[in-house]
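Chemist: Coordinates for the following, if possible.
(4 chains)
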Protein chains: 2
Amino acid sequence: MKGKTDKKLEQKNIKPTAMRQLVYEILEKQKKALSLYEIEQQFDNVERSTIFRTLKTFQDNYLIHSIDDGTGAVKYALCDDDCTCKPDDLHIHFLCNKCGQTHCMKDMPVPKMDLAEGFSFENANFVVKGICPNCR
Amino acid sequence: MKGKTDKKLEQKNIKPTAMRQLVYEILEKQKKALSLYEIEQQFDNVERSTIFRTLKTFQDNYLIHSIDDGTGAVKYALCDDDCTCKPDDLHIHFLCNKCGQTHCMKDMPVPKMDLAEGFSFENANFVVKGICPNCR
DNA sequence: AAAACTTTGCAATACTGTTGCACGTACTTA
DNA sequence: TAAGTACGTGCAACAGTATTGCAAAGTTTT
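Modeler: Got it, this is the predicted structure:
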């Protein structure tokens, strides 16, 4: 019988290799978004580039989304099951200025803005920074 | 008689050296936000690190603000005269996915969000991406 | 003009992300 | 099942941006 992880991967047309299962489970276990480096730390002897490509595959298949929170390292977090990373799926992210953790605020969609004449909207990145509940 | 640039710099307590005047004028001339590299290109033989430190000085004194638009290079743009880079001064930035130029939407403040219990708001980065009027 | 401080240039380095290549595993098909 | 093909992984090298230490040059103060 196939595991839950395998099903999730196959749902998004990703062949479930050992590596991919592990990376997926690391992301699932965390409530927060993780950087490539942070994921790498969870392994003993795995190549950065392998994880990098695993994340790229995940991203290409809408299993995860990436967040540039301004800390210098891109972070990654699981998408919702039905997410296709379209504008309507966008949500706000919160970076704690103290602990550096980045959280997905999945219940807070990125507000639609009325742009000036001639500007079209394709995508957005909205990161709110402050102090998280754990750090006060 | 002192030039306009000197006054602007002194208004923000920045000693107006030749380098600083030039960097300021480059930023002023442009409508858009510029990366360190783009500024470097406007000179013949100036050190990256010097510009870097010049920009840092400008930023520490609220003369410019930096924008991380997700392109990998931080960009810089002049603040309004009375800006102190507090939450109320924040505005949206627009990155054109075609030409890569980043514009300050100074008339569009970053919307205040009601964060979940326990999260405090200190700062925000809101970048909207799409196609700009020049590229359609 | 000497001392103290600031700014600049050079060189080196850190960090993150990214790619080429070779090897091995898994899948396909005859 | 054996040969052929496609895919995934590890290693190594590299690219781009940001950043720092140090010394020389310039500026301000006394």
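Chemist: ok, and what's touching stretch A:70-78?
Modeler: A:27-28, A:32-39, A:55, A:58-59, A:63-69, A:95, A:100, A:102, A:104, A:127, A:129, B:68, B:125 (C-beta atoms under 8 Å, 6 or more residues apart in numbering or on different chains). In this view, the C-beta of every residue, glycine as well, is placed from N, C-alpha and C.
Chemist: what about 7 Å?
Modeler: Residues outside stretch A:70-78 that contact it (C-beta atoms under 7 Å, 6 or more residues apart in numbering or on different chains): A:27-28, A:33-37, A:55, A:63-69, A:95, A:100, A:102, A:104, A:127, B:68, B:125.
Chemist: Next: stretch A:107-126.
Modeler: Outside stretch A:107-126, the residues touching it (C-beta under 7 Å, 6+ apart) are A:68, A:87, A:90-92, B:70, B:92, B:94, B:97, B:108, B:111, B:113, B:126-133, B:136.
Chemist: which residues touch residue A:27?
Modeler: With C-beta under 7 Å, 6+ apart, residue A:27 has these contacts: A:34, A:64, A:76, A:77, A:78.
Chemist: do the helix or strand harbouring it and DNA strand D meet at all?
Modeler: For residue A:27, the host element (DSSP states H and E) is helix A:18-29. Yes. Using C-beta under 7 Å from any atom of the strand, helix A:18-29 reaches DNA strand D at A:18, A:19, A:20.
Chemist: hmm, whatever helix or strand comes next after that helix in reach of chain B?
Modeler: The first helix or strand that comes after helix A:18-29 along the chain, using DSSP H and E, is strand A:32-35. No. Contact of strand A:32-35 with chain B (C-beta under 7 Å from any C-beta of the partner chain) is absent, the minimum separation being 13.2 Å.
Chemist: What is strand A:32-35 packed up against?
Modeler: In this structure, strand A:32-35 packs against strand A:75-78, strand A:102-109, with contacts taken as 3 or more C-beta pairs under 7 Å, 6 or more residues apart in numbering or on different chains; DSSP states H and E.
Chemist: Most tightly packed of these?
Modeler: strand A:75-78 (a mean of 22; mean count of other C-beta atoms under 10 Å in any protein chain shown).
Chemist: Note down every partner strand of that one and its orientation.
Modeler: strand A:32-35 (antiparallel), strand A:64-67 (antiparallel) (DSSP bridges).
Chemist: Does that strand reach DNA strand C?
Modeler: No. Counting by C-beta under 7 Å from any atom of the strand, DNA strand C has no neighbours in strand A:75-78; the shortest distance is 7.6 Å.
Chemist: so how far is residue A:57 from the residue of chain A found nearest DNA strand D?
Modeler: Residue nearest to DNA strand D within chain A: residue A:19 (2.9 Å; C-beta to the nearest atom of the strand). Distance of residue A:19 to residue A:57, given as C-beta to C-beta, to the nearest Å: 10 Å.
Chemist: With neighbour numbers in mind, choose between the two.
Modeler: Per other C-beta atoms under 10 Å in any protein chain shown, whichever of residue A:19 and residue A:57 has more neighbours is residue A:57, with 19 against 15.
Chemist: in chain A, what residue sits furthest out from the centroid?
Modeler: With distances taken as C-alpha atoms, centre = their mean, the residue sitting farthest from the centre of chain A turns out to be residue A:117, at 32.1 Å.
Chemist: can you list the residues of chain A near DNA strand D?
Modeler: Counting by C-beta under 7 Å from any atom of the strand, chain A sits next to DNA strand D at A:15, A:17-20, A:45-50, A:53-54, A:57, A:72.
Chemist: Restricted to helices, list those residues.
Modeler: Those of the residues of chain A next to DNA strand D mapping onto helices are A:18, A:19, A:20, A:48, A:49, A:50, A:53, A:54, A:57, per DSSP state H.
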